[in-house]
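Visitor: Dropping the sequence and predicted coords here.
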Amino acid sequence: MISRRDFLQVGMAASAIVGGSGFGNWARLAAQQTLTQDQLLQFDTFGNVSLIHVTDIHAQMKPIFFREPSVNLGVGENLGAVPHVTGADFRKLYGIADGSPSHYALSSGDFAALADMYGRVGGLDRVSTVINAIRADRPDALLLDGGDTWHGSYTCYHTQGQDMVNVMNALKPDAMTFHWEFTLGSERVAELVESLPFAALGQNIFDAEWDEPVLDLFPPYTFFERGGVKIAVIGQAFPYMPIANPRWMFPEYSFGIRDENMAAMVEEVRAEGAECVVVLSHNGFDVDKKMAGIVPGIDVILSGHTHDALPEPVLVGETIIVPSGSNGKFVSRIDLDIRDGRMMGWKHKLIPVFSDVIQPDPEVTAVIDAERAPYEDTLKEVIGTSDTTLYRRGNFNGTWDDLICDALLSERDAEIALSPGVRWGPSVVPGQEITREDIWNVTSMTYGEAYRTEFTGEFLKVVLEDVADNIFNPDPFFQQGGDMVRTGGLGYKIEVSKPQGERISNMTLLSTGEPIDPAKNYVVAGWASVNEGTEGPQIWDVVESHIKKIGTVSLEPNNSVEVVT
Amino acid sequence: MELTRRQMLVTSTAALASVVGLPAFASATDDLIAELTGGASLGSGAITLDTPEIAENGNTVPVSVTAEGAKSVTLYADGNPVPNVATFNFGPLNPTRSAATRIRLAKTQNVVAVAQMEDGSWQMAKNEIKVTIGGCGG
């Protein structure tokens, strides 16, 4: 694995541009008391353009806990490359001290203890304070939202995204791209997009019937004049929406990576005089890395979808890729020096939003409170308590997934449970009460029906193999982001570097310890099916009913998946 | 029992074969191409075959092909029960020598384009298109 020092030197030499990351080495600040808002926001304004990037907020308006993954495997050329480095290895790579604020914000390990020490993260009123501070330095800074904004909470579901539109509008973004927004249904997406006072971008959003761009709603790019520089921002929506999410909810649209069209758009904006080209992307990190290598002329890719947060951009040729985490936990600031139509240098800082350190912006707090007011009593209702950290982030089962699978097995009387490998959903710390809001934060979606059906053992394997290839295909353009489907009642072995059809073995029905019989039928309960007409109770009701019955959640470590890299 | 792929395939039915495994009809496509070209050697580089990496909908996959200087282009889907898809013939006044259509793909497989050039030589291009069950995206 290339070391950070080597990497920076190689990157600089190859790109012939000056760059630097202002990510603080806060190891010296032993505890929260010594961490201040001024330190988090400190940044010596650089160059002539500032970009602010937020992404994958998943409707988290209030401060939350969010545990980073301990398992995030890279395959092919990305084996051992960031962001596929976790925990202590990640800290070593970036020189982050154990127990430091950066440890807590960016990596896994000792999560519960550090959460107790450093508290919650995020909250859009805190994010607003960060944005305002950057705008105080550079009034014409561009605020760009990478999407997955109008999805992921009780209030977002019940207002069909309106709460997030209203709160985000208070932050005054300049452009946005999309993923889960489309699961509101194409009619609702169009209605919300038409109401936006900023650009909704997607060079890869096409009309499904005619395979033509949808210029009226989703133009490929837009121009900004900032600091005397003509900047083009090109949108890149999530390429695999009709595959990863229910196609029937937005049948009018086709997506795909469309890297050739991206290259054409870059040429087009350069020909129209763009001196700086920024791609606002929901590709996922490895896809962005590959795209940066084959599409010339992009200065900055603001990277979303895979929820990675890195303290420094990754350089590919002369393109810098900036991933900015998820759930409102981080804001990225990137200052650029653009001269003579070229990016001559950059300065970057990934700002972790420590909710107890960064003051909320009272104007935005008021907007958030107004959105939540009609639902506050329902949101706050306590359903149970957890003795265990509940989290989801990671390639295989997290504890939230285990709890959801337990709920499916018991409430739906099934032998095997399947839960989608999504990466969203805040954490719950030990001793914390589980509210209805917490349950919705990890389950809310427009296709949450918990089905109960029978699968043959053979079909179960086909499902596992299919999903595994969507994550572990060595070619990033075949990766859809997300993680392995979570299983309850079913153990298996996975060899991630094998080809599709050969990764999964040792499938075992945990209740009996017997091997899965390909010819036998098993009762399977799951949720988030992409098939139209799926029937069953909503998953949040299933989980709530289960937690009510058990009262206190205590989960044993789950070792039912054997992973071979 | 360790459930290996071999055992899975041995015990599998048509349902499994339709989703994973090697294209069962690949050799049939090779035979059809040999029949078309009379066994002539196939060059590469003259055909641009544009297909998605992953099909959004396996029932209607957009495929377009451009081959400057081609008299005809034949498309095959090597994992379909009937691999022949279409043959496009271009007249001498055709300015673009390109065609686009949508095809149904039963499973992950190759789409193959074979072109006869104006000088009588043959060209081939091949793209794999993945057809997946879907779901679970982050």
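Guide: Structure received.

Visitor: Quick check: beta-bridge partners of the residue sitting nearest the centre point of chain B?
Guide: The residue lying closest to the centre of chain B (CA atoms, centre = their mean) is residue B:111, at 1.3 Å. Beta bridges link residue B:111 to residue B:77, residue B:127, judged by DSSP bridges.

Visitor: surely it meets residue B:64?
Guide: No. Applying CB atoms under 8 Å as the test, residue B:111 and residue B:64 come out as separate, 10.7 Å apart. All C-beta spots, glycine's among them, are computed from the backbone N, C-alpha and C.

Visitor: Mind listing the shared neighbours of these two?
Guide: By CB atoms under 8 Å, 6 or more residues apart in numbering or on different chains, residue B:111 and residue B:64 have these common neighbours: B:49, B:51.

Visitor: quick one: the residue in the stretch 251-400 of chain A that chain B sits nearest to and residue A:210, what's the gap?
Guide: Nearest residue of the stretch 251-400 of chain A to chain B: residue A:256, at 5.3 Å (CB to the nearest CB). Distance, residue A:256 to residue A:210, by CB to CB, to the nearest Å: 15 Å.

Visitor: Who has more neighbours out of these two?
Guide: Counted by other CB atoms under 10 Å in any protein chain shown, residue A:256 and residue A:210 do not tie: residue A:256 has more neighbours, with 23 against 9.

Visitor: would you say residue A:541 is within a helix?
Guide: Yes. Counting by DSSP: H, G, I helix; E, B strand; the rest coil, residue A:541 is located in a helix.

Visitor: quick one: it from chain B, how far?
Guide: According to CB to the nearest CB, to the nearest Å, residue A:541 and chain B sit 21 Å apart.

Visitor: same thing with residue A:136?
Guide: For residue A:136, the distance to chain B - CB to the nearest CB - is 34 Å.

Visitor: List the buried residues for the helix or strand containing that residue?
Guide: Per DSSP states H and E: residue A:136 is located in helix A:124-137. When burial is assessed from 16 or more other CB atoms under 10 Å in any protein chain shown, helix A:124-137 yields the following buried residues: A:124-131, A:133-134.

Visitor: Please apply the same query to stretch A:309-329.
Guide: Going by 16+ other CB under 10 Å, stretch A:309-329 has these buried residues: A:309-316, A:318-329.

Visitor: buried stuff in stretch B:69-87?
Guide: Neighbour count says stretch B:69-87 has B:70-71, B:73-80, B:83, B:85 buried, by 16+ other CB under 10 Å.

Visitor: Export those as JSON lines, with columns for secondary structure and pLDDT.
Guide: What follows is these, written out as JSON lines (DSSP: H, G, I helix; E, B strand; the rest coil; pLDDT from 0 to 100):
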{"residue": "B:70", "secondary structure": "strand", "pLDDT": "97"}
{"residue": "B:71", "secondary structure": "strand", "pLDDT": "97"}
{"residue": "B:73", "secondary structure": "strand", "pLDDT": "97"}
{"residue": "B:74", "secondary structure": "strand", "pLDDT": "97"}
{"residue": "B:75", "secondary structure": "strand", "pLDDT": "97"}
{"residue": "B:76", "secondary structure": "strand", "pLDDT": "97"}
{"residue": "B:77", "secondary structure": "strand", "pLDDT": "96"}
{"residue": "B:78", "secondary structure": "coil", "pLDDT": "95"}
{"residue": "B:79", "secondary structure": "coil", "pLDDT": "93"}
{"residue": "B:80", "secondary structure": "coil", "pLDDT": "94"}
{"residue": "B:83", "secondary structure": "coil", "pLDDT": "95"}
{"residue": "B:85", "secondary structure": "strand", "pLDDT": "94"}
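
Visitor: Give me the neighbour count for the closest residue to residue A:138 other than its chain neighbours.
Guide: Among residues not flanking residue A:138 along the chain, residue A:50 sits closest, at 4.1 Å (CB to CB, 6 or more residues apart in numbering or on different chains). By other CB under 10 Å, 24 other residues sit near residue A:50.

Visitor: Equivalent analysis for the one 5 residues further on, please.
Guide: Number of residues near residue A:55 (other CB under 10 Å) recorded here: 33.

Visitor: Spell out which residues make up each domain of chain A.
Guide: Domains of chain A are assigned by automatic domain parsing as A:4-370, A:381-564.

Visitor: would a markdown table of those domains with mean pLDDT be doable?
Guide: Below are those laid out as a markdown table (pLDDT from 0 to 100):
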| stretch | mean pLDDT |
| --- | --- |
| domain A:4-370 | 92 |
| domain A:381-564 | 96 |
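
Visitor: Adding distance to residue B:49, write those out as a markdown table.
Guide: Conversion of those to a markdown table gives the following (distance: least, CB to CB, whole Å):
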| stretch | distance to residue B:49 |
| --- | --- |
| domain A:4-370 | 13 |
| domain A:381-564 | 16 |
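
Visitor: nearest to residue B:60, of those?
Guide: domain A:4-370 (8.9 Å; CB to CB).

Visitor: gap between that closest one and the chain center?
Guide: For domain A:4-370, the separation from the chain centroid amounts to 9 Å (computed by CA atoms, centre = their mean, to the nearest Å).

Visitor: List the residues that contact residue 43.
Guide: Went with chain A since none was named. Per CB under 8 Å, 6+ apart, neighbours of residue A:43: A:22, A:134, A:137, A:333, A:335, A:347, A:349.

Visitor: wrong one, I was asking about chain B
Guide: Contacts of residue B:43 (CB under 8 Å, 6+ apart): B:121-124.

Visitor: Show residues contacting the helix holding residue A:136.
Guide: Contacts for helix A:124-137 (CB under 8 Å, 6+ apart): A:37, A:40-41, A:43, A:45, A:50, A:52, A:54, A:57, A:60-61, A:63, A:141, A:143, A:167-168, A:170-171, A:328, A:331, A:333, A:351, A:353, A:355, A:358-365, A:368.

Visitor: What subset of those residues is buried?
Guide: Among the contacts of helix A:124-137, the ones that count as buried by 16+ other CB under 10 Å are A:40-41, A:43, A:50, A:52, A:54, A:57, A:60-61, A:63, A:141, A:143, A:167-168, A:171, A:328, A:331, A:333, A:351, A:353, A:355, A:358, A:360-361, A:364-365, A:368.

Visitor: Burial check on the closest residue to chain B within the stretch 51-200 of chain A, number of neighbours?
Guide: Residue nearest to chain B within the stretch 51-200 of chain A: residue A:179 (8.0 Å; CB to the nearest CB). Residue A:179 has 30 neighbours, counted by other CB under 10 Å.

Visitor: which secondary structure element contains residue B:93?
Guide: Assigned by DSSP H and E, residue B:93 belongs to no helix or strand.

Visitor: For it, give its distance to chain A.
Guide: 26 Å.

Visitor: Quick check, pLDDT for that residue.
Guide: We note a pLDDT of 94 for residue B:93 in this prediction.

Visitor: That one: how many residues sit nearby?
Guide: Counted with other CB under 10 Å, the neighbours of residue B:93 add up to 5.

Visitor: Residue A:251 too?
Guide: Residue A:251, neighbours per other CB under 10 Å, totals 14.

Visitor: Please apply the same query to residue A:195.
Guide: 11.

Visitor: And what about the residue nearest to it when sequence neighbours are not counted, helix, strand or coil?
Guide: With CB to CB, 6+ apart as the criterion, residue A:195 has its nearest non-adjacent residue at 6.9 Å, and that residue is residue A:165. Recorded secondary structure, residue A:165: helix (three-state DSSP).

Visitor: looking at it, residue A:165 is touching residue A:193, isn't it?
Guide: No. Using CB under 8 Å, residue A:165 is not in contact with residue A:193; the gap is 9.6 Å.
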